[in-house]
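Novice: Here is a sequence with its predicted model. Questions after.
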Amino acid sequence: MGLLQNIRCKIAEFMGKLSRYLIKLGSGMGKSFPGYIYLRIGKLECVRKLARNMKIGSVIITGTNGKTTTTKIIVLLLGNDTKIAYNYESNTINAITTGLLSGKADLGVFEYGIRDIKHAIPDTVCRIVDPVGVVYTNVSREHSQVSGKKNPFEEYLKAKKLLSTPMKRGVVVCNADDPRITYIGKEKEEDVRVCYYGLDIDMEDKTPITGDVFCPICKNELNYSKRYLNHRGIYQCSCGFSRPQPDLILTELITEKDGWQVKLEGEVFNYSTEKPISLDFMVNLPAFGVHNLYNLLCAAATYASFTPYPEKVENTIKSVCRDLDLSILPPGRFEIFNVDGKSGEKMVGMGQGDNGDALKANIQFMQTYAGDEIAEKTAFIYTTPDEGEYEIFEDHLSSIVSLNPRMVHVVPGRESVEAARKYYEIIKDSLPADFHPLSHEDMQNRIDKIGEIIKESPCPYVLVSGCGPEQYMWGNLKSKLKK
């Protein structure tokens, strides 16, 4: 790096760190603005220099669902053992750079959202950050449109894959139960270590898969011997592609209303010591759904892969899991709570479900509380996708019809009221439904109306999910109702 470039990087670092003090860091631009300033002055080459300050290196977490929750748990686990820099809830290179600006650290832990190749530049991010770890949660259909243009699922999957493609060292952590993630892992086995994680429990998703799932190698239909959550499960194809044996497995699940117990078993390669770690113990968790079991398992596999103190793994995982509560969930994520209504107290399940996989997970989580009577005693307030997102609506519709709620209240989730009206016309052919044309511009009116529908509903259970801005709509809506 030449003298002028060194000077530019020093100035960029000074201005980036200065901006951290000028902005109260929080959700939104506060998590990315210092990185934005740094990149405007220093360009991408300076980020490479900044990333090299990490003693161990950086770990980047991506996927369709569970990125933020998984990243938060990883931060809690690794933060017990070493000094870390991190960022989550703002899924850009600017946010990663902001985390790198936080000061000297041994390890960086960064969430990174990828919608398409053009806007996320995943392979470029990999080259400049040079991570020792890339972590994949799952891949489902979402973001059918990016910046007004069609984003085919094949391109979306390719963009996820590119984040780890340049890696020639480290560990790629993959969800063995997701055939798309296994495909990415198999492609990397020649270059780096791949740590697979998965479930092996007595639980099965009997509802239809939302969205087509084909073998990523030969494109034929996959055969499932068991499905745990939508397309995640134990699968194989006639071409030989199949679910690999996980390195870390969740083998027991004991569920109770006030908490769960799970058992973790396996042998995970530790990057810092270059030795395997054996795990075999029970941990206590809050009752927060099968989807969050995957988030925990992913976080535990990542922690065991990168901690510099592998002898602490069991005690640290037990301690962090024991102290977990629902505050770990981002503002828009699904929660269950009670609300006083006109017909008495009712149980409300509420949160973002902006793709078929997420909405289905929310329905199943609600079902663990409502039981078999969920259909006949549930009102579903469905917040719709936007114009051009019919694929997402298709996946949503499959889950809603399978649930067969007593009533569906259709509300626009994104900007287009007319798109919501079209989706309502389709829904009402299969289920009792009504439509509320509430504009995105008057979000407070939308929030107030949803609250009114909940309180006036004669149903003891109300499920509110679909598309919508995480904090702008879901965070404010939950805050209003909880008061």
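Specialist: Alright, I've got the coordinates. Since the model is a prediction, treat every value here as computed from it, not as a measurement. Residues are numbered from 1 along each chain as shown.
Novice: measure stretch 195-212 end to end?
Specialist: 26 Å (CA to CA, to the nearest Å).
Novice: Check which residues of that stretch are buried.
Specialist: Residues of stretch 195-212 classed as buried: 195-201, 205, 207, 209-211 (neighbour count, 16 or more other CB atoms under 10 Å). No exception for glycine: its C-beta is placed from N, CA and C like everyone else's.
Novice: Of these, which pair is most distant in space?
Specialist: Farthest pair in the buried residues of stretch 195-212 (CB to CB) is 195 and 207. Separation: 29.7 Å.
Novice: Show me what counts as buried in stretch 277-290.
Specialist: 277, 279, 283, 285-290.
Novice: What about those, which are in strands?
Specialist: Per DSSP state E, strands hold the following members of the buried residues of stretch 277-290: 277, 279, 283, 285.
Novice: tell me which of those is nearest to residue 92?
Specialist: Closest to residue 92 out of these is residue 285 (30.7 Å), distances taken as CB to CB.
Novice: Would you mind measuring from residue 430 to residue 401?
Specialist: 5 Å (CB to CB, to the nearest Å).
Novice: before we move on, what about residue 175?
Specialist: Distance from residue 175 to residue 401, by CB to CB: 27 Å.
Novice: Have a look at the two and say which one is more surrounded.
Specialist: Neighbour tally, residue 175 and residue 401, criterion other CB atoms under 10 Å: the higher count belongs to residue 175, 29 against 15.
Novice: Surely the more buried one touches residue 160?
Specialist: No. Counting by CB atoms under 8 Å, residue 175 does not reach residue 160; the two are 11.7 Å apart.
Novice: which residues do these two both contact?
Specialist: 63, 136 (CB atoms under 8 Å, 6 or more residues apart in numbering).
Novice: ok so, going back, who touches both of residue 430 and residue 401?
Specialist: By CB under 8 Å, 6+ apart, no residue touches both residue 430 and residue 401.
Novice: worst-scoring helix or strand of this structure, pLDDT-wise?
Specialist: strand 145-146 (a mean of 58; mean pLDDT, DSSP states H and E).
Novice: Secondary structure element holding residue 156?
Specialist: helix 153-162 (DSSP states H and E).
Novice: quick check: domain ranges of the chain?
Specialist: 1-49, 53-327, 335-482 (automatic domain parsing).
Novice: worst average pLDDT in the ones you listed?
Specialist: Here the lowest mean pLDDT among the domains of the chain goes to domain 1-49, at a mean of 69.
Novice: Quick check: residue 443 vs residue 341, distance?
Specialist: Using CB to CB, we find residue 443 at a distance of 23 Å from residue 341.
Novice: likewise residue 394?
Specialist: 32 Å.
Novice: List the buried residues for stretch 469-478?
Specialist: Buried residues in stretch 469-478 (16+ other CB under 10 Å): 469-470, 473-478.
Novice: Kindly indicate which of those residues lies nearest residue 255.
Specialist: residue 478 (23.9 Å).
Novice: would you say the closest one is within a strand?
Specialist: No. Counting by DSSP: H, G, I helix; E, B strand; the rest coil, one finds residue 478 to be helix, located in no strand.
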